[in-house]
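In: task: produce atomic coordinates for the following.
(one chain, ligands or ions: 2)
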Amino acid sequence: MAKITLDNLAHSYLPNPQSEDDYALKELNHDWVDGEAYALLGASGCGKSTLLNIISGLLHPSQGRILFNDRDVTSEPTAARNIAQVFQFPVVYDTMTVRDNLAFPLRNRGADASYIQDRVQHIAKMIGMEGELNHKARGLTADAKQKISLGRGMVREDVNALLFDEPLTVIDPHMKWELRTQLKSLHHEFGHTMIYVTHDQTEALTFADKVVVMYDGRVVQIGTPQELFETPAHTFVGYFIGSPGMNVLAATVDGSTAYIEGTEVDLGAGYSVPDGKVEIGVRPEFASLSSNGTGLPIKIRRVEDVGRHKIVRADFFENEINVIAGEGAEIGADMNRVTFEAAHINVYANDWRVEPMGTQASPAGEAA
Ligand code: ADP
Ligand code: MG
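Out: Ligands and ions are numbered 1, 2, ... in the order given. Take a look at the predicted model:
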């Protein structure tokens, strides 16, 4: 197992990159702590696979270094890095049995037969394929083949890291949950450094200790699920995580007061905002409807009852404000204002979160 360090790393697929836009992966410095489970989360095309393939050695970065336990592996081939990687689509040997497919990485390393026997049995149980060990992989469904790929990725105990690139894409929804649970228990059992790529926030938030959010080739925040929820470092994190995502509204900020379309909003703390685009962000969970004349004037457009709560969609000038109201909340026709919990308002300048004055950025919540 290893700590993995990304030192000044960047990658462009172009031979002569000119500007930042030419980089699929923008400059990044980060330590992946030994033994932690990370999710790498972001929309399709944001650079997740590029980063993962640089860590595994499938791709040589155009700039910077990768270190495993402080040893520079940038020029080492994948095989020398001692990692397991599972891809989006199955990679199995069709002519081999399920058993031989699972045993392959162990035989390759010269493990002894009785250990292989036990280990393969254990993994087969985790992926729910004990009954099919003697079947040839050919003829199995894509779903079953992907489970074999996952099993092969998990079979070795001595790897530096386990890398998963959207491994559950072809797996049916119920099995997804099951396999994710198995991956988590594998992590508890062996404490491997794991990096799990996904574009699905639910997968990321349930799997990982720390979520690394990427947007447009850049890591915009690394944090616990709670940090991503409470203090999104970038407006993208606010939109992308949560359902619905954070409300983001253009504002001017003066000390501890924001002005939004002419209405004064108390921020609960003082801010010194840099020049440029200023916005405030409030999650729908921390917004409330009122009818007593205070707050931002809104007009309710739609109420969606999603079981545990209601999502209220309201128009506010040219924008939408979403409010989450309790399951039993009465939403009267006179509800024409929205108020925010001051302690849960975030202030953004040019899309990046501004810390209130008199507080220090928490290291865990910092963008890389
Ligand atoms: P993700 O895995 O988050 O969907 P990728 O890392 O695959 O994103 O891609 C990041 C960007 O790099 C995308 O714009 C994609 O089109 C581009 N890209 C990926 N692979 C290559 C390649 N082999 N050659 C050129 N461009 C690529
Ligand atoms: Mg990808």
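
In: every contact and neighbour count from this point should use C-alpha atoms.
Out: Noted.

In: starting at the chain centroid, how far to the helix or strand of the chain with the lowest mean pLDDT?
Out: Sorted by mean pLDDT, DSSP states H and E, the helices and strands of the chain end with helix 173-190, the least confident at a mean of 84. Centroid displacement of helix 173-190 relative to its chain, using Cα atoms, centre = their mean, to the nearest Å, is 16 Å.

In: stretch 142-158 now?
Out: 22 Å.

In: how about residues contacting it?
Out: 1, 84-87, 89-92, 98, 101-106, 119-120, 123-124, 126-127, 137, 162, 167-168, 170-172, 190 (Cα atoms under 8 Å, 6 or more residues apart in numbering).

In: so which of those are in strands?
Out: Counting by DSSP state E, these place 84, 85, 86, 162 in strands.

In: pretty sure the third one sits against residue 164.
Out: Yes - using Cα atoms under 8 Å, residue 86 is in contact with residue 164, at 4.8 Å.

In: confirm residue 159 sits in a strand?
Out: No - counting by DSSP: H, G, I helix; E, B strand; the rest coil, residue 159 is not part of a strand but coil.

In: contacting residues for it?
Out: Here residue 159 is in contact with 1, 82, 83, 84, 192 (Cα under 8 Å, 6+ apart).

In: so what's it scoring on pLDDT?
Out: We have a pLDDT of 91 for residue 159.

In: how far away is it from residue 91?
Out: 19 Å (Cα to Cα, to the nearest Å).

In: what residue in the stretch 51-200 of the chain comes nearest to ligand 1?
Out: When scored by Cα to the nearest ligand atom, the stretch 51-200 of the chain has residue 51 as its residue closest to ligand 1, at 6.5 Å.

In: how many neighbours does that residue have?
Out: Per other Cα atoms under 10 Å, the neighbour tally for residue 51 reads 23.

In: for residue 276, grab the count of nearby residues.
Out: Residue 276: 10 neighbours (other Cα under 10 Å).

In: show me the helices in the chain, by range?
Out: 48-56, 78-81, 98-108, 113-126, 142-154, 173-190, 201-207, 225-230, 235-240 (DSSP state H).

In: would you map out the domains in this structure?
Out: 4-235, 236-365 (automatic domain parsing).

In: chain center to the longest one: distance?
Out: Translated: domain 4-235. On Cα atoms, centre = their mean, the centre of domain 4-235 falls 13 Å from the chain's centre.

In: quote the end-to-end distance of it.
Out: 28 Å.

In: coming back round to it: packing partners of the least confident helix or strand of the chain?
Out: Judged by 3 or more Cα pairs under 8 Å, 6 or more residues apart in numbering; DSSP states H and E, helix 173-190 is in contact with helix 201-207.

In: for the helix it packs on, buried residues please.
Out: For helix 201-207, the neighbour count (16 or more other Cα atoms under 10 Å) marks 201, 203, 204, 205, 207 as buried.

In: quick one: contacts for residue 313?
Out: 300, 301, 302, 303, 304, 320, 321, 322, 323.

In: out of the residues you listed, who's near ligand 1?
Out: Contacts with ligand 1 are made by none of the contacts of residue 313, judged by Cα under 6 Å from any ligand atom.

In: separate out the buried members of these.
Out: If you count burial by 16+ other Cα under 10 Å, the buried members of the contacts of residue 313 come out as 300, 303, 320, 321, 322, 323.

In: need these in TSV (columns: distance to residue 260 and pLDDT).
Out: As requested, those are arranged in TSV below (distance: Cα to Cα, whole Å; pLDDT from 0 to 100):
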residue	distance to residue 260	pLDDT
300	18	96
303	24	95
320	13	96
321	12	98
322	16	98
323	17	98
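
In: of all these, which two lie farthest apart?
Out: 303 and 320 (12.9 Å; Cα to Cα).

In: quick check: beta-bridge partners of the residue nearest to the residue of the stretch 51-200 of the chain closest to ligand 1 when sequence neighbours are not counted?
Out: Closest residue in space to residue 51, ignoring its immediate chain neighbours: residue 25 at 7.1 Å, by Cα to Cα, 6 or more residues apart in numbering. With DSSP bridges applied, the residues forming beta bridges to residue 25 are residue 11.

In: residue 25: what's it in contact with?
Out: 10, 11, 12, 47, 50, 51, 217, 218.

In: my read: the second one touches residue 55, true?
Out: I take that to be residue 11. No - counting by Cα under 8 Å, residue 11 stays clear of residue 55, with 11.9 Å between them.
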